[in-house]
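Engineer: need coordinates for the following:
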Amino acid sequence: MSKRILLAIVSVVALLIPLASAEAQRRAEDWKPDNRADWDLLGTAQIGTRIERDTIDVGRREGRFGSIGFTVTGGDARVEELRIHYGGGESDVLRIGEVFKAGSRSRPIDLPGRASVIDRIEIAYRAFGPVKIDFYGERRRDARWDVLGCQRVGFLETSDTIRVGRREGAFRAIKLQVKDATLRLNKVRVTFGDRSTQTFDVRAAIPKGTETRPFDLDGRRRVIERIDLDYIPSLALKKGPEVCVLATEGSGGPGSGPGRR
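Structural biologist: So this is what the prediction gives:
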């Protein structure tokens with residue numbers, strides 16, 4: 001390898017390191033404990049110098065949460081993992097494996113929509129001196145769905161395009177509502193503002209009066225340019241279905257497949 005190529009590689013790495021650090025810091029700055037409109041204190045773990053586990057009892061009285069985060073004060077601590085126990089008896093293990101300096105906070109950690117009533121939190125850690133860890137939860141808000149556009153599917157029609165445009169904002173998920181007749185849908189292709197695309201293979205008959213599950217979009221929020229609908233042609237001579245595309249800026253939540261009411 002020539003000296004010139006080696007110097008070029010070193011320069012690129014030197015540029016990427018601060019960018020990566022800035023990105024990690026930005027994620028940690030996505031929430032603030034003193035924002036009482038969104039984040040509630042769930043409980044506190046008081047930690048000495050040891051390798052151990054602690055349990056923070058939350059209880060159903062605290063309500064439903066979409067994500068959690070924690071702050072570290074008093075000293076440094078290596079958080080190995082969190083086990084979140086939900087009200088329905090289910091649990092999730094979140095592998096952390098990071099050292100948090102005194103005065104720092106974690107990034108927001110999204111919780112699955114299927115089980116967001118928190119009963120208790122178990123933390124596995126190693127403390128480097130007396131440490132206090134405060135756990136916070138972000139209250140889950142009901143997603144608001146906006147109609148981006150509707151189309152009437154004609155006889156033997158195979159596709160439609162709903163043009164959205166950047167004026168509509170950035171979204172996290174979409175879903176379809178069907179009226180008047182059954183819609184036989186093959187694929188949904190979303191084109192974003194940067195011209196990248198995401199395709200959802202549906203291949204299902206969606207009964208009238210129902211809607212599909214939410215389809216999560218790649219990334220936290222995306223600007224949608226247009227949505228292309230690929231139909232399975234119908235031979236029915238009756239009035240065709242009307243299909244509407246809805247989108248949300250919030251979490252779409254879990255779905256149970258096409259035809260879910």
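Engineer: can you give me the helices in the stretch 1-150 of the chain?
Structural biologist: Taking DSSP state H, counting those that start in this stretch to define them, one finds helices in the stretch 1-150 of the chain at 3-28.
Engineer: hey, where'd the strands end up in it?
Structural biologist: 39-47, 51-57, 65-73, 76-86, 91-100, 104-105, 109-110, 118-128, 131-139, 145-152 (DSSP state E, counting those that start in this stretch).
Engineer: avg pLDDT for the second one?
Structural biologist: Right, strand 51-57. Strand 51-57 comes out with an average pLDDT of 84.
Engineer: mind listing what's buried along it?
Structural biologist: residue 56 (16 or more other CB atoms under 10 Å). Heads up, the C-betas are built off the backbone N, CA and C, glycines and all.
Engineer: tell me which residues are up against it.
Structural biologist: 42-45, 47, 119-126, 135 (CB atoms under 8 Å, 6 or more residues apart in numbering).
Engineer: am I right that residue 243 sits in a strand?
Structural biologist: Yes. Residue 243: assigned to a strand according to DSSP: H, G, I helix; E, B strand; the rest coil.
Engineer: where does the stretch 51-200 of the chain dip in pLDDT?
Structural biologist: 51, 60-63, 112-116, 141-143, 166-169 (pLDDT under 70).
Engineer: count of neighbours near residue 33?
Structural biologist: Neighbour count of residue 33, defined by other CB atoms under 10 Å: 14.
Engineer: which strand residues bridge residue 243?
Structural biologist: residue 151, residue 178 (DSSP bridges).
Engineer: columns distance to residue 191 on top of the strands of the stretch 1-150 of the chain, output as TSV?
Structural biologist: Formatted as TSV, the strands of the stretch 1-150 of the chain follow (distance: least, CB to CB, whole Å):
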stretch	distance to residue 191
strand 39-47	35
strand 51-57	45
strand 65-73	28
strand 76-86	36
strand 91-100	34
strand 104-105	37
strand 109-110	26
strand 118-128	38
strand 131-139	31
strand 145-152	13
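Engineer: which one, of those, ends up nearest to residue 197?
Structural biologist: strand 145-152 (16.2 Å; CB to CB).
Engineer: just the CA trace of that closest one, in CSV.
Structural biologist: The C-alpha coordinates for strand 145-152 follow below in CSV (Å, rounded to 0.1, in the frame of the first residue of the first chain):
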residue,chain,number,x,y,z
TRP,A,145,-53.7,9.2,11.0
ASP,A,146,-53.9,11.7,8.1
VAL,A,147,-55.5,10.8,4.8
LEU,A,148,-52.9,11.3,2.0
GLY,A,149,-55.3,10.5,-0.8
CYS,A,150,-58.0,8.1,-2.1
GLN,A,151,-58.6,6.3,-5.4
ARG,A,152,-61.6,4.5,-6.9
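Engineer: before we move on, the earlier item: among the contacts of strand 51-57, name the buried ones.
Structural biologist: So, by 16+ other CB under 10 Å, the buried ones in those are 42-43, 45, 47, 119-126, 135.
Engineer: determine which two of the residues you listed are furthest apart.
Structural biologist: 119 and 126 (25.1 Å).
Engineer: what packs against whichever strand or helix holds residue 198?
Structural biologist: In the assignment (DSSP states H and E), residue 198 maps to strand 197-206. Contacts defined by 3 or more CB pairs under 8 Å, 6 or more residues apart in numbering; DSSP states H and E place strand 197-206 against strand 183-192.
Engineer: let's see that with 10 Å instead.
Structural biologist: strand 173-179, strand 183-192, strand 215-216, strand 222-231 (3 or more CB pairs under 10 Å, 6 or more residues apart in numbering; DSSP states H and E).
Engineer: the second one vs strand 173-179, what angle?
Structural biologist: Meaning strand 183-192. 150 degrees (axes from the mean of the first three to the mean of the last three CA atoms, to 10 degrees).
Engineer: direction included, what does strand 183-192 pair against?
Structural biologist: strand 197-206 (antiparallel), strand 222-231 (antiparallel).
Engineer: for residue 215, find the nearest of these.
Structural biologist: strand 197-206 (5.0 Å).
Engineer: what residues sit buried inside the closest one?
Structural biologist: 198, 200, 202, 206.
Engineer: no further questions, thank you.
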